[in-house]
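# model the structure of this input:
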Amino acid sequence: MKRFVFISILLFITSFLQAQNWQPVSENCKYHYKVNNSTLILNTIQVDSIISLENNQIQYFLNRIVAPCDTCPGYNNYNFMLKNQPQFLMREMIKVSDNQYIFRDTLEFSIAPLTKAGETFVFSEVPYIEASVFSEGIEVVLGQADSVKNIHLSNGQFMVISKNYGIVSMQDFDGNSYELVGFENNDLVFGETVSNFNDYFDYNVGDTIQQYIYEGMFGGPPDCSYTTRKFGINTKEIRNDTTFYKISGMYYTWGDFSPIISAGYFTDSIFFVNSINSMANAYDMQFIYFTDAYNYEGFSYLEEFCSFVTFSQASNYTIKFLGFEDISFNNLYFISYTNEDLLMNANMEYSITYKLLPIMGGWFDALCFEYERSDYNMGIIKDGITYGTVYNNSVFENYISVNELKFQNMAVYPNPVERNGVVGFQNNETMETFTIYNLSGQPVQSGTCYNNEIQLNLTASGIYFIQLKTGNTVYYGKMSVL
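Predicted structure coming up:
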């Protein structure tokens, strides 16, 4: 049986490779390119649709991207973007014959892949550029031996094409270098690929996730709440393109004026949609349209908005951003009524940023008038391995037990205080023990109180909360550390 399966796979791969036959871009394939030695895949080429033309010619429409509108006002602030823009292989590829493929849009050039070593063909008419096949032989492409042709252009640039993987490397008219690093054809994958839905949201029963949630109201005195919650995946169900999870766990919430608001246990359900338009599956600068933003991957507040996906790198993870990473408030766009390709920034009245991080899931930010919310995953225990930060259950259980006790606020002095200073409390009771927490809710110092004073031993400046216990009463104070 194993021999039969191996032979079947081998025949599938062989038949697929034979079907390519020097075609630069083939249907049902994805070609992943890095640009100018980039660490991330910045161009993904694939065929969106096909039309049969006269004389047995075939017109292939290639996928497009969003690009800045450099002729629009406010170009430097990305106030206007253009969708349906070509990548380096243009919008269309016309197959005239097995030995002539025309790529055209804002520019036009041709590739004659059957040209033999020592022969030439016209690469571009305007400007006139001639291509010469310098050498032909067997080389390793994406870990596989393949027939390769090295092509020199009369303008000093170069191109490498492969029988089975299309364009291996080339330079565009601006001198940018594109290098093929990955290739996909259905379930057949070689080299690197763009991270997708399963890299971000493939949780399993038994996995544990810890999240941090921030909410703030503005327009008056700032009053923010902070929640840390930890939950486990109890059940997992896949229905068509949607994965449903039932979860249960613990949480604690604190605020600016009420350090501990609530703590307890909870059960909930979450779901993620593995759609073709999900940003988890998007390539760099892919256009995203919010037809019903409320149901968009379980998070949203908007309708009839659009944006695009950009990539960034964190350690060995690829992060996907809705909009630009460095413009946190201007990530949503309207489609112009006068030009359907023109995207107009929605400005700062209401903005949303949704970041995706492999293994650890999503990060969701929203900002609107007098309101801000941020959700992100601090860490996950997946298949017994911990990624990021996941607190011990005792941290949550302590808050839950405290929540059942009497608690009061207490003034701390001096405030602010130095990192290694001494703080005291305005209270007639004798405090017994203390625990100091940072804004993430993580304990950073604990011990016994002496004469209602604490010798601080903190390593960083910032805002901290002090929890003090005496008998059946819990007091909380807030201090600023210099």
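
# residue furthest from the geometric center of this structure?
Within the chain, N428 marks the point farthest from the mean C-alpha position, 52.8 Å out by Cα atoms, centre = their mean.

# compute the distance between L456 and V474, please.
To V474, L456 is 20 Å away according to Cβ to Cβ, to the nearest Å. Where C-beta positions appear, they are placed from N, C-alpha and C, glycine not excepted.

# can you check N99 too?
81 Å.

# more neighbours, those two?
Set N99 next to V474 and count neighbours by other Cβ atoms under 10 Å: V474 wins out with 19 against 14.

# same for the helix or strand encompassing that one, what does it pack against?
Using DSSP states H and E, V474 maps to strand 473-481. Packed against strand 473-481 by the contact rule (3 or more Cβ pairs under 8 Å, 6 or more residues apart in numbering; DSSP states H and E) you find strand 406-409, strand 412-413, strand 422-425, strand 462-470.

# those into CSV, with extra columns for distance to T386?
Listed next are these as CSV, based on distance: least, Cβ to Cβ, whole Å:
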stretch, distance to T386
strand 406-409, 31
strand 412-413, 34
strand 422-425, 34
strand 462-470, 25
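
# which of the three states applies to I270?
Under DSSP: H, G, I helix; E, B strand; the rest coil, I270 falls in the strand class.

# I'd say it and S248 touch.
No - contact criterion Cβ atoms under 8 Å: I270 and S248 do not qualify, at 11.6 Å.

# compare neighbour counts for these two and give me the winner.
Legend: neighbour count by other Cβ under 10 Å for I270 and S248, higher for I270 (17 against 12).

# enumerate every residue touching the nearest residue to that one once chain neighbours are set aside.
Nearest non-adjacent residue to I270, counting by Cβ to Cβ, 6 or more residues apart in numbering: Y245, 5.1 Å away. Listed by Cβ atoms under 8 Å, 6 or more residues apart in numbering, the contact partners of Y245 are Y203, I233, N234, T235, K236, E237, S269, I270, F271.

# let's see 10 Å
201, 203-205, 207, 209, 231-237, 268-272 (Cβ atoms under 10 Å, 6 or more residues apart in numbering).

# report the central residue of this structure.
The centre of the chain sits closest to K320, judged by Cα atoms, centre = their mean, with a distance of 1.8 Å.

# just the buried members of the contacts of Y245?
Buried members of these, counted by 16 or more other Cβ atoms under 10 Å: F201, Y203, D207, I209, F231, G232, I233, I270, F272.

# would you list the residues you listed in CSV and tack on distance to A282, secondary structure and pLDDT?
Below are the buried ones among the contacts of Y245 laid out as CSV (distance: Cβ to Cβ, whole Å; DSSP: H, G, I helix; E, B strand; the rest coil; pLDDT from 0 to 100):
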residue, distance to A282, secondary structure, pLDDT
F201, 14, helix, 88
Y203, 20, coil, 90
D207, 24, coil, 94
I209, 23, strand, 94
F231, 27, strand, 95
G232, 29, strand, 94
I233, 25, strand, 94
I270, 21, strand, 89
F272, 14, strand, 89
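
# show me where the chain has its helices.
2-20, 197-201, 393-403 (DSSP state H).

# now the last one: average pLDDT?
It stands for helix 393-403. The average pLDDT within helix 393-403 is 79.

# in CSV, list the C-alpha atoms belonging to that helix.
Output of helix 393-403 as CSV, limited to C-alpha atoms (Å, rounded to 0.1, in the frame of the first residue of the first chain):
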residue,chain,number,x,y,z
ASN,A,393,-3.4,29.7,37.5
SER,A,394,-2.5,30.9,41.1
VAL,A,395,-2.3,34.5,39.8
PHE,A,396,-5.9,34.4,38.7
GLU,A,397,-7.1,32.4,41.7
ASN,A,398,-5.6,35.0,44.0
TYR,A,399,-7.6,37.7,42.3
ILE,A,400,-10.7,35.6,42.4
SER,A,401,-10.3,35.0,46.1
VAL,A,402,-9.6,38.7,46.7
ASN,A,403,-12.7,39.7,44.8
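
# what are the contacting residues of it?
Contact partners of helix 393-403, identified using Cβ under 10 Å, 6+ apart, comprise 208, 210, 228-230, 249-254, 260-265, 392, 435, 437, 441-443, 467, 469, 474, 476.

# quick one: buried ones out of the residues you listed?
The buried subset of those (16+ other Cβ under 10 Å) comprises 208, 210, 228-230, 249-254, 260, 263, 435, 437, 441, 467, 469, 474, 476.

# how about the residue nearest to G249 when sequence neighbours are not counted, what does it touch?
What sits nearest to G249 in space, not counting adjacent residues and going by Cβ to Cβ, 6+ apart, is F231, at 2.8 Å. Taking Cβ under 10 Å, 6+ apart, we find F231 in contact with 207-211, 245-251, 265-268, 270.

# out of the residues you listed, which are inside strands?
Counting by DSSP state E, the part of the contacts of F231 found in strands is 208-211, 245-251, 265-268, 270.

# related to what we said a few turns ago, neighbours around the nearest residue to the residue nearest to the centre of the chain once chain neighbours are set aside, how many?
The shortest distance from K320 to any non-neighbouring residue, by Cβ to Cβ, 6+ apart, is to L356 (4.4 Å). A count of neighbours around L356, defined by other Cβ under 10 Å, yields 27.
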